[in-house]
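>>> pasting the structure only:
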């Protein structure tokens, strides 16, 4: 019988009634990163950039540059991303060590500063906004997190306490070969 996807870095659960989260093995996350990176490399940034950005962070231990594709939401000139793996995702741990980033989104490439948001109320506001915009997609994500449909505000704040989000503030823009700003 196959074992469920788990992550050795997943926080231990204290309540046996909790449903499993969206944790998967590290190799799985690296595998799903390949497609968006290849699409950007093939010049499809303006197409895929409508949904996915490439976040470049500096590895907290290695010092090497690490590229992670992430779904995003643009809000008032900044880009909001969230971690499907919660506070243990490598890119988020890298940001805690060094919040300076490089972001490639569509035909844009910019240096930025990451702001990690951990306030449950603010994260719940963001999730409510996303749920209103894309009810099927975000509803499925919330159900996978074990939340009822529709979730209460308390449910969303509880999820927000476990799932930080990040605001990427642009510092300088430049156009990439794929397009102009």
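Good, I have the coordinates. Remember, it's a predicted structure, so these values are computed and weren't measured experimentally.
>>> Go ahead and confirm residue 148 touches residue 156.
No. Residue 148 is beyond contact range of residue 156, at 10.9 Å (criterion: CB atoms under 8 Å). C-beta here means a position set from N, CA and C on the backbone, and glycine is covered the same way.
>>> Settle it for me: which of these two has more neighbours?
residue 156 (22 against 9; other CB atoms under 10 Å).
>>> surely the more buried one meets residue 126?
No. Using CB under 8 Å, residue 156 is not in contact with residue 126, being 9.2 Å away.
>>> list the helices and strands the helix or strand hosting residue 80 packs on?
Per DSSP states H and E, residue 80 falls inside strand 78-82. With contacts taken as 3 or more CB pairs under 8 Å, 6 or more residues apart in numbering; DSSP states H and E, strand 78-82 sits against strand 52-58, strand 73-75, helix 120-133, strand 165-175.
>>> what's the closest non-adjacent residue to residue 151?
Using CB to CB, 6 or more residues apart in numbering and skipping residues adjacent in sequence, the residue nearest residue 151 is residue 142, 5.5 Å away.
>>> again, but for residue 147
residue 155 (4.8 Å).
>>> Now for the one you found, how many residues are close by?
Neighbour number of residue 155 under other CB under 10 Å is 17.
>>> again, but for residue 141
18.
>>> and it, what helix or strand is that in?
helix 135-144.
>>> which strands and helices sit next to that helix?
For helix 135-144, the packing partners by 3+ CB pairs under 8 Å, 6+ apart come out as helix 120-133.
>>> who's in contact with the helix it packs on?
Helix 120-133 is contacted from outside by 73, 80, 82, 117, 138-139, 142, 150-151, 153, 156-161, 163-165, using CB atoms under 8 Å, 6 or more residues apart in numbering.
>>> are any of those buried, and which?
73, 80, 82, 138, 142, 151, 156-160, 163-165 (16 or more other CB atoms under 10 Å).
>>> just to revisit the earlier point, in a markdown table: the helices and strands packed on strand 78-82, plus distance to residue 112 and mean pLDDT.
Shown next, in a markdown table, are these (distance: least, CB to CB, whole Å; pLDDT from 0 to 100):
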| stretch | distance to residue 112 | mean pLDDT |
| --- | --- | --- |
| strand 52-58 | 9 | 94 |
| strand 73-75 | 13 | 90 |
| helix 120-133 | 18 | 92 |
| strand 165-175 | 5 | 86 |
